[in-house]
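Enquirer: Got a predicted model here, sequence first, then my questions.
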There are 2 protein chains.
Amino acid sequence: MKEKLYIIKIGGALIDDQELLDQFLEQFSEIKEKKILVHGGGKLATTLADKLGVEQKMINGRRITDKDTLDIVSMVYAGGINKNIVAKLQKKKCKAIGFSGADANLIKAKKREHPEIDFGFVGDITQKSVNKKLISKLIKLDLVPVFSAITHDKKGNLFNTNADTIASVLAQALSLKYEVELLYCFDKEGVLEDVDNPKSVIKSVTEEEFSVLKEAGKLHKGILPKLENALGAVKNNVDKVFLIKETQLKNHIENHHGGTEICL
Amino acid sequence: MKEKLYIIKIGGALIDDQELLDQFLEQFSEIKEKKILVHGGGKLATTLADKLGVEQKMINGRRITDKDTLDIVSMVYAGGINKNIVAKLQKKKCKAIGFSGADANLIKAKKREHPEIDFGFVGDITQKSVNKKLISKLIKLDLVPVFSAITHDKKGNLFNTNADTIASVLAQALSLKYEVELLYCFDKEGVLEDVDNPKSVIKSVTEEEFSVLKEAGKLHKGILPKLENALGAVKNNVDKVFLIKETQLKNHIENHHGGTEICL
């Protein structure tokens, strides 16, 4: 039987709220099974870009990562945020070790190709991008990898990569060796039938139901990439995938309760 | 017989010069033996602090690391600089893996204590601070650790720590297991009898000679902490310690030529 591995993704709103982040990391550090944390960026990078007068470039409504923006996000994500999370987890006796995808070539990306738009320093990844052999070795040393959303191309360039996608791709790659449960933690109770009613959690969403919800306009903007990446994981052998509320991590793991399960 | 391990420290001037840095990393990546890189900060942190209006605080002429400055140096050192060096080394097929001291609790520091001055987030370390068991395991996986000058206290705080000291302390701790050669790389040919004459390299400096040079005012400011840390290493069982010119790394390693050796 494969060993259990939790891959848990947290996003911006949580990272911006030190108290909430601390509560979450407490729950995370209490998980007894093997685990990996993937974190997004929060408002810090945008605030810093504003202060430095680095404009956010958009082409056809799509965000572009130019060199100045890349320099900011690699500092903020892989430095500031990542090392602060690691230090907080170390305080809680969790053997956290922080990474970007460049470190030990753990996640190798390809510059995004698009017929019309040059996205700049944005890296796309698949499960083949993941150095799963080495990640397994590090996990075996009882280390807890903490990934920032920065990757590289092995040609000397760093890239900005979507953190939801990193979590999904890690889960897919490591499912060959582990029984992976992928948890997208965010500020809602799960996928909601009515976005204003936290009690309207949909218990499970299949690919077909996802299409229906999407066409009915019931999925608010932030949840779409999570669901797409969650479905990608389910379709690629990840054992279990949930969207849960950040404060419910412990409850979910101990009581198998709450959130929305994404199924085939 | 113990296995050879190079611990190599580079500083600010090199990091600020992309072309020179690239040449150096090429030479570094060609070293066949086990190796660790330790890097300082360069002007980036100061430039960023200026742009953000974060003033450098001084008390009695000593630099203080307040919270804002710590946030900047942890972003710049552990994020921007560290990940760029790692990505560049990965391009050169060197299995670099970037760390702060918080990662896997590799270097645990103590907040600097001083009877009169509160230095803020400055961490002091000794060879006991080093998680040498885990660093050895990582080196055995053929990984090449790249350390930024950020440590932590295992109470959730990050610290600014002198990079020369990190290199010395790592060398001391790992000397129990490896035959360590510690190289301080900088922009001079070595310790110079006459600072304006690159040909006046002093071949070796003992502790006694160091005191004489220091009292004669022959040691310019930047070289003092290097020599003090170098002497600390020699006195604590590090096999060989040199100060060499950055561009001479390959020559030094292949031909045992150049630089100043620090001896007991």
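Expert: Received it, and whenever you're ready, just let me know what you need.
Enquirer: quick one: the closest residue to chain B within the stretch 51-200 of chain A from A:Tyr184, how far?
Expert: Going by Cβ to the nearest Cβ, chain B is nearest to A:Gly79 of the stretch 51-200 of chain A, at 1.9 Å. Where you see a C-beta, it was placed from the backbone N, CA and C, and this is true even at glycine. A:Gly79 sits 24 Å away from A:Tyr184, going by Cβ to Cβ, to the nearest Å.
Enquirer: coming back round to it: roughly how far does the residue of the stretch 51-200 of chain A closest to chain B sit from B:Thr126?
Expert: Taking Cβ to Cβ, one finds A:Gly79 at 26 Å from B:Thr126.
Enquirer: more crowded one of these two?
Expert: Here A:Gly79 and B:Thr126 are compared on neighbour count by other Cβ atoms under 10 Å in any protein chain shown; more neighbours surround A:Gly79, at 32 against 14.
Enquirer: Just list the residues touching the more buried one, thanks.
Expert: By Cβ atoms under 8 Å, 6 or more residues apart in numbering or on different chains, the residues touching A:Gly79 are B:Ser74, B:Met75, B:Val76, B:Tyr77, B:Ala78, B:Gly79, B:Gly80, B:Asn82, B:Lys83.
Enquirer: Which stretches in chain A count as strands?
Expert: With strands called from DSSP state E, chain A shows them at A:3-10, A:34-39, A:57-59, A:62-64, A:96-99, A:110-111, A:123-124, A:144-147, A:150-152, A:158-160, A:178-186, A:204-205, A:240-245, A:260-262.
Enquirer: I'd like to know which elements the longest one is packed against.
Expert: Pointing back at strand A:178-186 there. Secondary-structure packing of strand A:178-186 (3 or more Cβ pairs under 8 Å, 6 or more residues apart in numbering or on different chains; DSSP states H and E): strand A:3-10, helix A:12-16, helix A:163-174, helix A:223-235, strand A:240-245, helix A:249-255.
Enquirer: which stretch in those has the least confidence?
Expert: Lowest mean pLDDT of the helices and strands packed on strand A:178-186: helix A:12-16, a mean of 90.
Enquirer: quick check, that one touching chain B?
Expert: No. Applying Cβ under 8 Å from any Cβ of the partner chain, one finds helix A:12-16 separated from chain B by no less than 13.8 Å.
Enquirer: any idea which of the helices and strands packed on strand A:178-186 is most buried?
Expert: Most buried of these, by mean neighbour count (mean count of other Cβ atoms under 10 Å in any protein chain shown): helix A:163-174, with a mean of 27.
Enquirer: List, one by one, the residues from the stretch 101-250 of chain A near chain B.
Expert: Residues of the stretch 101-250 of chain A lying near chain B by Cβ under 8 Å from any Cβ: A:102-105, A:134, A:137, A:141, A:143, A:150, A:152, A:154-158.
Enquirer: Between the contacts of A:Gly79, which sits nearest chain A?
Expert: Closest approach between these and chain A, by Cβ to the nearest Cβ: B:Gly79, at 1.9 Å.
Enquirer: With adjacent residues omitted, what lies nearest to that closest one?
Expert: Leaving aside its chain neighbours, B:Gly79 sits nearest to A:Gly79 (1.9 Å; criterion: Cβ to Cβ, 6 or more residues apart in numbering or on different chains).
Enquirer: and if you look at A:Gly120?
Expert: A:Thr65 (4.2 Å).
Enquirer: close enough to count as contact, that neighbour and A:Phe121?
Expert: Yes. Here A:Thr65 lies in contact with A:Phe121, judged by Cβ atoms under 8 Å, at a distance of 4.5 Å.
Enquirer: So which of these two has more stuff around it?
Expert: Neighbour comparison, A:Thr65 and A:Phe121: the larger count goes to A:Phe121, with 24 against 21 (by other Cβ under 10 Å).
Enquirer: sorry, back to before: so what sits against both of A:Thr65 and A:Phe121?
Expert: Shared contacts of A:Thr65 and A:Phe121, defined by Cβ under 8 Å, 6+ apart, comprise A:Phe159, A:Asn160.
Enquirer: where's A:Glu193 relative to A:Lys93, distance?
Expert: 40 Å.
Enquirer: Kindly report the same for A:Gly80.
Expert: 23 Å.
Enquirer: neighbour count winner among those two?
Expert: Neighbour totals were compared for A:Gly80 and A:Lys93, and A:Gly80 leads with 26 against 11 (other Cβ under 10 Å).
Enquirer: List the contacts of that one.
Expert: Taking Cβ under 8 Å, 6+ apart, we find A:Gly80 in contact with A:Leu44, B:Asp71, B:Ser74, B:Met75, B:Gly79.
Enquirer: Tell me which of the strands of chain A is the most buried.
Expert: strand A:150-152 (a mean of 31).
Enquirer: ok, the closest residue to A:Leu183 other than its chain neighbours - contacts?
Expert: Spatial nearest neighbour of A:Leu183, excluding adjacent residues (Cβ to Cβ, 6+ apart): A:Ile8 at 4.7 Å. Contact analysis of A:Ile8 by Cβ under 8 Å, 6+ apart lists A:Phe28, A:Lys35, A:Ile36, A:Leu37, A:Val38, A:Ala167, A:Leu182, A:Leu183, A:Cys185, A:Leu249.
Enquirer: Give the residue farthest from the middle of chain A.
Expert: The centre of chain A is farthest from one residue, A:Gly53, which by Cα atoms, centre = their mean lies 27.9 Å away.
Enquirer: What about that one? Give its phi and psi, please.
Expert: When read as degrees, to the nearest 10, the backbone of A:Gly53 gives phi 70, psi 20.
Enquirer: mind checking how far it is from A:Val241?
Expert: Distance, A:Gly53 to A:Val241, by Cβ to Cβ: 41 Å.
Enquirer: same check, this time on A:Leu170
Expert: A:Leu170 is 12 Å from A:Val241, where distance means Cβ to Cβ.
Enquirer: Repeat that for A:Ile85.
Expert: Using Cβ to Cβ, A:Ile85 is found at 23 Å from A:Val241.
Enquirer: Pull the contacting residues for the closest residue to A:Leu20 other than its chain neighbours.
Expert: In this structure, A:Leu20 finds its nearest non-sequential neighbour in A:Leu14, 5.7 Å apart by Cβ to Cβ, 6+ apart. Contact analysis of A:Leu14 by Cβ under 8 Å, 6+ apart lists A:Leu20, A:Leu21, A:Phe24, A:Gly42, A:Cys185, A:Phe186, A:Asp187, A:Glu246.
Enquirer: hang on, the last one packs against A:Leu20?
Expert: Yes. Here A:Glu246 lies in contact with A:Leu20, judged by Cβ under 8 Å, at a distance of 6.8 Å.
Enquirer: With neighbour numbers in mind, choose between those two.
Expert: Using other Cβ under 10 Å, the more surrounded residue of A:Glu246 and A:Leu20 is A:Glu246, with 23 against 16.
Enquirer: looking at the sheet around the closest residue to that one other than its chain neighbours, what are its partners?
Expert: Using Cβ to Cβ, 6+ apart and skipping residues adjacent in sequence, the residue nearest A:Glu246 is A:Cys185, 4.4 Å away. Here A:Cys185 sits in beta bridges with A:Ile244, going by DSSP bridges.
Enquirer: Go ahead and confirm A:Cys185 touches A:Lys245.
Expert: Yes. If you go by Cβ under 8 Å, A:Cys185 and A:Lys245 touch, sitting 7.2 Å apart.
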